[in-house]
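Student: prediction below, plus the sequence it came from.
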Amino acid sequence: MPVTLKACYTVKPIETTWCGRVSLSEWDQTGNVTHVPIIYFYRTPSQESNNNSIASTLKDSLSRVLVPFYPLAGRLHWINNGRLELDCNAMGVQFIEAESSSSFEDLGDDFSPSSEYNYLVPTVDYTLPIHGLPLVLIQLTNFKCGGVSIGITLSHAVVDGPSASHFISEWARLARGEPLQTVPFHDRKVLHAGDPPSVPLARCHSHTEFDEPPLLLGKTDNTEERKKKTAMVILKLSKTQVETLKKTANYGGYGNDSYSRYEAIAGHIWRSACKARGHKEDQPTTLTVIVDSRSRMEPPLPKGYFGNATLDTVATSLAGDLVSKPLGYACSRIREAIERVTDEYVRTGIEFLKNQEDLSRFQDLYAIGSEKGPFYGNPNLGVVSWLTLPIYGVDFGWGKEVYMGPGTHDFDGDSLLLPGPDGEGSVLLALCLQVPHMDTFKKHFYQDINVSESCQD
Ligand code: COA
């Protein structure tokens, strides 16, 4: 897609903000510590003056929202042994203005993510020193059709999904001329940020999420799998298909509870992936769930907790069991993993990480361009839920978005569930798999829903 960069600004907080170094929590410094891209598309009138006013509205409100959200204007620093600290130094965020001679129609009817998105969301060069990288990078692109896209990429070492949506929705509120709704809570000490270990490793729970995930049978490492070419797709489930999956999950007698949409769909993705990857019956496989611990802590974390309070929990099974048993079986494995995340589990997980000599092996950054570091691809996968995050309806003053979606995620087995934009109960799956597995996955993903339904008749 032809995109011309017009200008690049550094936007700083409009007022003096607190400056100094703060410790990050263990959840900030592990897992995904790179930037996470998202994109919003808006239809707007196409006059040039309007484009200028959109840019100045966004920059002005950004400089104001960076006052309460001042950590985002700072920079990360390595301290020692793969540990990071946040320097709240008001260096600011990057704001790029760009122009595209394409129109929205060129992106396809449904704005499905493609490599084209790479021109619309700023990329981050991790070969540069980390203390030089902004934590937020934004690109406003004016399309010739009169629409704009706002590509945002935020450092996951500073915010998780709930905090990222908090920041974006408050930014939009200020741009609309409304006051801040929820003041962010910045004291990461509630998650023991910077504290030395207080519990010896031996007394920590068994935290399987930190173990190396299983390998393909017959392999001694995952070097080959890491190199395989991947593709990303967005697959839509209608409200009826979601309801069918939920009904099917709760039909086979696994567990007494009523499985949620997340559990039913994630279970179905897991089974479909096992089939698409052609696993043997005795192939061990895991599904990683990201759980928001805010309400699971005792007491719950303060309202507006700003940082990472999400952590991984891992469901395990043999592929043969997933495929041969009813969908409810996969859901029961997922439910068991989610239920493990209690206050004590969160605290012992933190202690486990505090007891580690070096955190590098738990960071995705370590895996970039390397054959080491976390890899959750074949035979494993992760299903992240954005189902309950307030990601839609972000109105900066010229109406709500026509489309919002993740930027490109290029890791085998990485997937994301979002509510369908119709607001009527459909669900979107953004999925990345190895290229040869994708078509078979799609076939099972759609066909097996109908098979499940007919089994219940
Ligand atoms: N608004 C609307 N509905 C909500 C809700 C909210 N804030 N919170 C929960 N619900 C609904 C859910 O949609 C679900 O109902 P459904 O079956 O109709 O979908 C039900 O209440 C149970 O929800 P929950 O207890 O959250 O379980 P789940 O199985 O749907 O999801 C997790 C499990 C672990 C994914 C979820 O609890 C969680 O932690 N989500 C946060 C994920 C996150 O932070 N993502 C960003 C990662 S960076």
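Tutor: Sure thing, it's come through.
Student: lowest-pLDDT helix or strand in this structure?
Tutor: helix 364-367 (a mean of 75; mean pLDDT, DSSP states H and E).
Student: list of residues touching that one?
Tutor: By C-beta atoms under 8 Å, 6 or more residues apart in numbering, the surrounding residues in contact with helix 364-367 are 31-34, 82, 126, 360, 372-375. To be clear about C-beta, it is placed using only N, CA and C from the backbone, and glycine gets the same treatment.
Student: list the buried ones in stretch 195-215?
Tutor: The neighbour-count check on stretch 195-215 (16 or more other C-beta atoms under 10 Å) flags 204, 207, 209-210, 213-215 as buried.
Student: and of the residues you listed, the nearest to V289?
Tutor: Taking C-beta to C-beta as the measure, V289 lies nearest E209 of the buried residues of stretch 195-215, at 9.4 Å.
Student: out of the contacts of helix 364-367, which is most surrounded?
Tutor: Using other C-beta atoms under 10 Å as the neighbour test, these are led by V33, with 24 neighbours.
Student: quick check: it touching H156?
Tutor: Yes: judged on C-beta atoms under 8 Å, V33 makes contact with H156 at a distance of 5.9 Å.
Student: next, format the contacts of helix 364-367 as a markdown table and append distance to the ligand and secondary structure.
Tutor: Listed next are the contacts of helix 364-367 as a markdown table, based on distance: C-beta to the nearest ligand atom, whole Å; DSSP: H, G, I helix; E, B strand; the rest coil:
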| residue | distance to the ligand | secondary structure |
| --- | --- | --- |
| G31 | 9 | strand |
| N32 | 8 | coil |
| V33 | 12 | coil |
| T34 | 13 | coil |
| G82 | 21 | coil |
| Y126 | 19 | coil |
| S360 | 21 | helix |
| K372 | 23 | coil |
| G373 | 19 | coil |
| P374 | 15 | coil |
| F375 | 19 | coil |
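Student: remind me which residues of the chain are low pLDDT?
Tutor: 45-51, 109, 112-114, 205, 255-257, 367-373, 408-409, 450-457 (pLDDT under 70).
Student: switch the cut-off to 80
Tutor: The chain contains residues with pLDDT under 80 at 1, 45-52, 106-117, 145, 199-206, 252-257, 365-374, 407-410, 450-457.
Student: up against the ligand, what does it have?
Tutor: Residues of the chain lying near the ligand by C-beta under 6 Å from any ligand atom: 160-162, 260-263, 289-292, 310, 338, 384-388.
Student: restricted to buried residues, select those in PyMOL.
Tutor: The buried residues among those can be selected in PyMOL (16+ other C-beta under 10 Å) with this line:
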select buried, resi 160+161+162+260+261+262+263+289+290+291+292+310+338+384+385+386+387
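Student: which residues does D187 contact?
Tutor: So D187 contacts P302 (C-beta under 8 Å, 6+ apart).
Student: which ones are touching L5?
Tutor: Going by C-beta under 8 Å, 6+ apart, L5 touches 96-98.
Student: list the buried residues for the strand or helix carrying it?
Tutor: Taking DSSP states H and E as the criterion, L5 maps to strand 3-11. Neighbour counts over strand 3-11 (16+ other C-beta under 10 Å) mark 3, 11 as buried.
Student: quickly run through the sheet partners of it, with directions.
Tutor: According to DSSP bridges, strand 3-11 forms sheet pairs with strand 93-100 (antiparallel).
Student: what's downstream of the partner strand, the next helix or strand?
Tutor: As assigned by DSSP H and E, the chain's next helix or strand after strand 93-100 is strand 136-143.
Student: ok, and for whichever helix or strand comes after that next one, which residues are buried?
Tutor: Toward the C-terminus, strand 136-143 is succeeded by strand 147-155 as the next helix or strand (DSSP H and E). Going by neighbour count (16+ other C-beta under 10 Å), the buried part of strand 147-155 is 147-155.
Student: same check on stretch 76-94?
Tutor: Neighbour-count burial for stretch 76-94 [16+ other C-beta under 10 Å]: 76, 82-90, 92-94.
Student: equivalent analysis for stretch 428-439, please.
Tutor: 428-434, 437-438.
Student: cool, and stretch 298-317?
Tutor: Result for stretch 298-317 [16+ other C-beta under 10 Å]: buried residues 301, 304-317.
Student: show me which pair in the residues you listed is furthest apart.
Tutor: Checking the buried residues of stretch 298-317 with C-beta to C-beta, the most distant pair is G304 and S317, at 37.0 Å.
Student: going by distance to the ligand, which of the buried residues of stretch 298-317 wins?
Tutor: The ligand has its nearest neighbour among these in T310, at 4.6 Å by C-beta to the nearest ligand atom.
Student: and the gap between the closest residue to the closest one other than its chain neighbours and V33?
Tutor: Leaving aside its sequence neighbours, T310 sits nearest to D160 (C-beta to C-beta, 6 or more residues apart in numbering; 4.4 Å). Relative to V33, D160 is positioned 11 Å away (C-beta to C-beta, to the nearest Å).
Student: may I have the residues that are in contact with W398?
Tutor: Shown in contact with W398 (C-beta under 8 Å, 6+ apart): 42, 44, 54.
Student: which SSE is it in?
Tutor: For W398, there is no enclosing helix or strand under DSSP H and E.
Student: quick check: the residue nearest to T310 vs A98, distance?
Tutor: For D160, the distance to A98 equals 28 Å [C-beta to C-beta].
Student: for V242, same thing?
Tutor: 37 Å.
Student: check contacts around the closest residue to the ligand within the chain.
Tutor: Nearest residue of the chain to the ligand: G161, at 2.7 Å (C-beta to the nearest ligand atom). For G161, the contact set (C-beta under 8 Å, 6+ apart) comprises 36, 290, 292, 310, 384, 386, 389.
Student: burial of S426, as a residue count?
Tutor: Neighbour number of S426 under other C-beta under 10 Å is 17.
Student: and it, its phi and psi?
Tutor: phi -80, psi 160 (degrees, to the nearest 10).
Student: from R43, how far off is the residue nearest to it when sequence neighbours are not counted?
Tutor: Closest residue in space to S426, ignoring its immediate chain neighbours: G420 at 3.0 Å, by C-beta to C-beta, 6+ apart. Distance of G420 to R43, given as C-beta to C-beta: 19 Å.
Student: again with P436
Tutor: From P436 to R43 the distance is 38 Å (C-beta to C-beta).
Student: hey, where'd the strands end up in the stretch 201-350 of the chain?
Tutor: 230-237, 284-292, 310-318 (DSSP state E, counting those that start in this stretch).
Student: which positions within the first one qualify as buried?
Tutor: The neighbour-count criterion (16+ other C-beta under 10 Å) identifies 230-235, 237 as the buried residues of strand 230-237.
Student: likewise stretch 214-230?
Tutor: By 16+ other C-beta under 10 Å, the buried positions in stretch 214-230 come out as 214-216, 222, 225-226, 230.
Student: swap in stretch 274-283?
Tutor: Buried residues in stretch 274-283 (16+ other C-beta under 10 Å): 274-277, 279, 283.
Student: biggest separation within those, which pair?
Tutor: Distance extremes for the buried residues of stretch 274-283: the farthest pair is A276 and Q283 at 12.8 Å, using C-beta to C-beta.
Student: and which of the buried residues of stretch 274-283 is nearest to V199?
Tutor: Q283 (35.1 Å).
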